[in-house]
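A.B. asks: missing the sequence, but the structure's below:
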């Protein structure tokens, strides 16, 4: 993932405008961007994965 910005979950939640609970419900249904769990337990989402997720959302809305 060299060169790819990794976003903290609060940054992702702010950008997509949803609560942590809603994000995890979407994740349980396989509809959220892929997350990566760090060894310390923190969660990150790559900018690339989030952008790809936005594109899929736009395609599904059309």
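C.D. replies: Okay, I see it. Keep in mind the model is a prediction, meaning the values are calculated, not measured.
A.B. asks: and the helix or strand hosting residue 49, what does it pack against?
C.D. replies: Assigned by DSSP states H and E, residue 49 belongs to helix 47-61. Helices and strands touching helix 47-61, by 3 or more C-beta pairs under 8 Å, 6 or more residues apart in numbering; DSSP states H and E, are strand 6-8. To be clear about C-beta, it is placed using only N, CA and C from the backbone, and glycine gets the same treatment.
A.B. asks: mind listing what the strand it packs on pairs with, with the direction of each?
C.D. replies: strand 43-46 (antiparallel) (DSSP bridges).
A.B. asks: show me what the partner strand is in contact with.
C.D. replies: 1, 4-9, 12, 33-38 (C-beta atoms under 8 Å, 6 or more residues apart in numbering).
A.B. asks: next, the buried residues of stretch 9-27.
C.D. replies: In terms of neighbour count (16 or more other C-beta atoms under 10 Å), stretch 9-27 has its buried residues at 12-13, 16, 23.
A.B. asks: same question, stretch 49-58
C.D. replies: 49-50, 53.
A.B. asks: residues touching the most centrally placed residue in the chain, list them.
C.D. replies: Geometric centre of the chain, nearest residue: residue 33, 3.8 Å, by C-alpha atoms, centre = their mean. Applying C-beta under 8 Å, 6+ apart to residue 33 gives the contacts 12, 45, 49-50, 52-53.
A.B. asks: next one: residue 22 from residue 56, what distance?
C.D. replies: 17 Å (C-beta to C-beta, to the nearest Å).
A.B. asks: any low-confidence regions in the chain?
C.D. replies: Scanning the chain for pLDDT under 70 picks out the ranges 1-2.
A.B. asks: and of the contacts of strand 43-46, the nearest to residue 61?
C.D. replies: residue 33 (16.1 Å; C-beta to C-beta).
A.B. asks: which SS class is the closest one?
C.D. replies: coil (DSSP: H, G, I helix; E, B strand; the rest coil).
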